[in-house]
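# build me a model:
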Amino acid sequence: MLKVDNLRLGFMAGKKTLAAVDGISFSIAKGETFALLGESGCGKSVTAQGIMRLLPAAGRVLGGSVSMDGESLLTLPEADMRAWRGGRMAMIFQEPATSLNPVLTVGQQIGEVLERHLGMTGAAATGRMLELLRQVGIADPERRLDEYPFQFSGGMKQRVMIAIALAGEPELLIADEPTTALDVTVQAQILDLLARLQAERGMAILLITHDLGVVARMAHRIGVMYAGELVEVASREAFFGQPRHPYTQALFKALPDMSRRGQRLATIPGQVPSLAAMPAGCRFAERCPHVMPVCREQSPAWREVEAHAVRCHWQGDAADADAAGGGHDITDLSVSAGREFLQVDGLKVHFPIRKGLLQRTVGHVRAVDGLSLAILPGRTLALVGESGCGKTTVGKALLQLIPPTEGSVLLGGQQLVGLRGARLRAARRHMQMIFQDPFASLNPRLRVGEIIAEGMDALGVVGEARSRRAAVAALLSQVGLPEEAIDRYPHEFSGGQRQRIAVARALAVQPGLLICDEPTSALDVSVQAQILNLLKKLQSELGVAYLFITHNFAVVEYLAHDIAVMYLGRIVERGRAEEVLRAPRHPYTQALLSAVPLPRLEGAAAVIRLSGETPSPANPPSGCHFHPRCPHAMDVCRSRYPEAVDVTATQRVSCHLLST
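Numbering: from 1, shown residues only. Model (predicted):
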């Protein structure tokens, strides 16, 4: 259906043209999923934009061809191309917040596609919109159609993007990181939906992702990109059985899981070469463990090896995909006894719902509804759950960035709820937050040195300017960045480097507790490994405690000592990581873990399908909040919220199944 032949795409930089995609070729058959893998900056998204003819103003097609059903897309007039875009081919963009129109309602944006490509208006269009929103798992679609993108969470915006892409019933779907911002349950639902539509319509999918678990579940064939070139193409079975290219092998070794808890994750040294300084030979040579003199002089040609096409001079044995990630051991501060550093009891955060001219309060959104947890010094508590369950609100409420409605937060024995002014600022020195999006949380007008020193100035950690600069340089060194980064701006760094700057800023005031809100969700596997190694190293050296908010269970397996599972503002299960991951007792935890896509072909358990959608925290169900979706619900579940039951000395579960 789609044939890409020797495609070259570039960007104008002054009077130069820099090639971002340099001669890639692949094809996708009807009903097939072709996955493009690779680090940020390797050209995956540019390839997708080139196929759709959506390159930015500085973008240029430098050569090659793209054809669909035999028709050349690069030579079509723009007016004809508009009929293809959104109709016969559609794209799910990586960043939904910037892809949705902020001044149009969600209904208007889906309706545009239905009217333009299917000629559908009125009641028929509204019915189809509601159906699409239900398909992608958005609760209360009748109300949501008239809302604007800012009223949706990140994961829900991503689902709206998917609904818009599917509205025109495309023959080719280009999905650029379609599930990065989604929870595992919603991710499983979306992947099932795409697989079902693919089977029904014979839809072809170009899947761009860095999640090897999603690739294992969805792809028929895989292409690995590095620095603008394809370096390996293989069937799914061959790819996961024995990856051939050294770069692909390094990606597998960087994956976190329980078996590598005590070890450093393998990382790929160095950086992807810049567009302005591409090496003459193999582009991976400077980072490759098997580099030879010929690699630096001559670009490797394609060769066929047992169902693989590989672009590499090295012809050594292939690595097993399950080979251990190696590296040096990391000291694991598994403190099993001692006084809690952070103790939270009965925390509630309720937001008023106001209506009418006088803005009277007509109800409350119970974002956090009676949460209790504790973290010991030097330990990591992972807080997991679906989008909208209140995880980020918990983090902000602990820091008193959002005032709690009720409850107690003790940090080192000091009550934080109700603190104001200088006393609150002094307490905040002991706890800091790493936000989900480092680019949005770093001031673009300040240099990195000023960003890191800002907290030191505010809390009086370091006095004079000279010693402050030395302290900032030491922090940057600690997170693996050079001293010259002090005088550069955030936009000059990659995503992984910006996340390191955010970690350095948080550490600048020497906190005892770091609240990490999805710090690796948008990062490549190799960069994620660097950040996780860094967090593990800092914990072993400084004894920092972490509250790690995430939906990535591979990261939880590798990093967490304890896990708390949250559903609709309450903790439903908590315990040591080994207990919760290996023997989950709450039906919700079991469903979450069953939905995690594994980066291998075999060994995956059947996914437990949850009926319905997550209820609104503005109107939670009576009794156990999970009962409308629970496959084991009983009469008592509908009438009374369950008490917490101690399953072991460290594992507590709130479920009537364990108390009857």
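
# secondary structure element for Asp369, which one?
Taking DSSP states H and E as the criterion, Asp369 maps to strand 360-375.

# got it, and Arg445?
Assigned by DSSP H and E, Arg445 belongs to neither a helix nor a strand.

# then Ile162?
helix 154-167.

# what's the first helix or strand after that helix?
Moving toward the C-terminus from helix 154-167, the next helix or strand (DSSP H and E) is strand 172-176.

# name the residue closest to the centre of the chain, please.
Centre of the chain computed as the mean C-alpha position; nearest residue by Cα atoms, centre = their mean is Ser521, 2.8 Å away.

# just confirm that one is within a helix.
No. Ser521 sits outside any helix when classified using DSSP: H, G, I helix; E, B strand; the rest coil, being coil.

# per-residue confidence for it?
pLDDT recorded at Ser521 is 73.

# also the one 3 residues further on?
pLDDT recorded at Asp524 is 76.

# what's around it, how many residues?
Asp524 sits with 23 neighbouring residues when counted by other Cβ atoms under 10 Å. C-beta: built from backbone N, CA, C; applies to glycine.

# look up how far Thr267 lies from it.
With distances taken as Cβ to Cβ, to the nearest Å, Asp524 is found 11 Å from Thr267.

# now do Asp69
Plainly put, Asp69 is 43 Å away from Thr267 if you go by Cβ to Cβ.

# same check, this time on Tyr641
Between Tyr641 and Thr267 the distance, using Cβ to Cβ, works out to 45 Å.

# compare those two (neighbour count), which wins?
Using other Cβ under 10 Å, the more surrounded residue of Tyr641 and Thr267 is Thr267, with 22 against 17.

# does the more buried one touch Asn533 like I think?
Yes. Look at Thr267 against Asn533 with Cβ atoms under 8 Å: they come within range, at 6.6 Å.

# show me this structure divided up by domain.
2-219, 240-311, 342-420+512-658, 431-510 (automatic domain parsing).

# let's have these in JSON lines, adding distance to Val231.
Written out in JSON lines, the entries for the domains of the chain read as follows (distance: least, Cβ to Cβ, whole Å):
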{"stretch": "domain 2-219", "distance to Val231": "9"}
{"stretch": "domain 240-311", "distance to Val231": "5"}
{"stretch": "domain 342-420+512-658", "distance to Val231": "14"}
{"stretch": "domain 431-510", "distance to Val231": "20"}
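
# closest one to Ala227 among these?
For the domains of the chain, proximity to Ala227 was assessed by Cβ to Cβ; domain 240-311 is nearest, at 3.9 Å.

# average pLDDT across the closest one?
The predicted confidence, averaged over domain 240-311, sits at 88.

# now the helices for the stretch 401-550 of the chain?
Taking DSSP state H, counting those that start in this stretch as the test, the helices found in the stretch 401-550 of the chain are 421-428, 438-441, 448-459, 465-478, 495-507, 525-542.

# helix 154-167 and the host helix or strand of Glu112, what's the angle between them?
Using DSSP H and E, Glu112 sits within helix 106-118. Going by axes from the mean of the first three to the mean of the last three Cα atoms, to 10 degrees, helix 106-118 is angled at 20 degrees with respect to helix 154-167.

# which residues belonging to the following helix or strand past helix 106-118 are considered buried?
Beyond helix 106-118 on the C-terminal side, the first helix or strand identified by DSSP H and E is helix 122-135. For helix 122-135, a neighbour-count test (16 or more other Cβ atoms under 10 Å) marks Ala125, Thr126, Arg128, Met129, Leu130, Leu132, Leu133, Gln135 as buried.

# other SSEs contacting the very next helix or strand once past helix 122-135?
Downstream of helix 122-135, the first helix or strand assigned by DSSP H and E is helix 141-144. Secondary structure elements in contact with helix 141-144, counted by 3 or more Cβ pairs under 8 Å, 6 or more residues apart in numbering; DSSP states H and E, are helix 122-135.

# contacting residues around the helix it packs on?
Under the criterion Cβ atoms under 8 Å, 6 or more residues apart in numbering, residues 106-107, 110-111, 114-115, 120, 141-142, 144-145, 159-160, 163, 166-167, 193 lie in contact with helix 122-135.

# restricted to buried residues, select these in ChimeraX.
In ChimeraX, the members of the contacts of helix 122-135 classed as buried (16+ other Cβ under 10 Å) are selected with the following command:
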select :106,107,110,111,114,120,141,144,145,159,160,163,166,167
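
# what about the residue nearest to the centre of the chain, distance to Leu118?
As judged by Cβ to Cβ, Ser521 and Leu118 stand 34 Å apart.

# got a list of what Ala564 touches?
The contact partners of Ala564, by Cβ under 8 Å, 6+ apart, come to Leu373, Leu381, Ala382, Leu383, Val384, Ile571, Glu573, Arg574.

# is it in a bridge, and if so with what?
Leu383, Arg574 (DSSP bridges).

# could you give the mean pLDDT of stretch 352-361?
What stretch 352-361 shows for mean pLDDT is 86.

# kindly check the end-to-end length of that stretch for me.
Between the opening and closing residues of stretch 352-361 there is a gap of 6 Å (Cα to Cα, to the nearest Å).

# my read: Ser611 touches Arg629, true?
Yes. The pair Ser611 and Arg629 passes the contact test of Cβ under 8 Å, sitting 5.4 Å apart.

# those two: who's more crowded?
Neighbours per residue (other Cβ under 10 Å) separate Ser611 from Arg629, with Arg629 holding more: 20 against 9.

# nearest spatial neighbour of that one, skipping sequence neighbours?
In space, Arg629 comes closest to Leu610 once its chain neighbours are excluded; the distance is 4.5 Å by Cβ to Cβ, 6 or more residues apart in numbering.

# let me know the secondary structure of the one you found.
Counting by three-state DSSP, the backbone at Leu610 sits in coil.

# neighbours around it, how many?
Counted with other Cβ under 10 Å, Leu610 comes out at 23.

# repeat for the one 10 residues further on
Taking other Cβ under 10 Å as the criterion, the count of residues near Pro620 is 16.

# mind checking what secondary structure it has?
The assignment at Pro620 comes out as coil when based on three-state DSSP.

# which residues does the closest residue to it other than its chain neighbours contact?
Ranked by Cβ to Cβ, 6+ apart and with sequence neighbours excluded, the top spatial neighbour of Pro620 is Leu568, at 5.6 Å. When contacts are counted by Cβ under 8 Å, 6+ apart, Leu568 touches Arg366, Asp369, Cys389, Gly390, Thr614, Pro615, Pro617, Pro620, His625, Phe626.

# hmm, 7 Å instead?
Applying Cβ atoms under 7 Å, 6 or more residues apart in numbering to Leu568 gives the contacts Cys389, Pro615, Pro617, Pro620, His625.

# out of the residues you listed, flag the one nearest to Ile515.
Proximity to Ile515 was ranked across those by Cβ to Cβ; first place goes to Cys389, at 16.1 Å.
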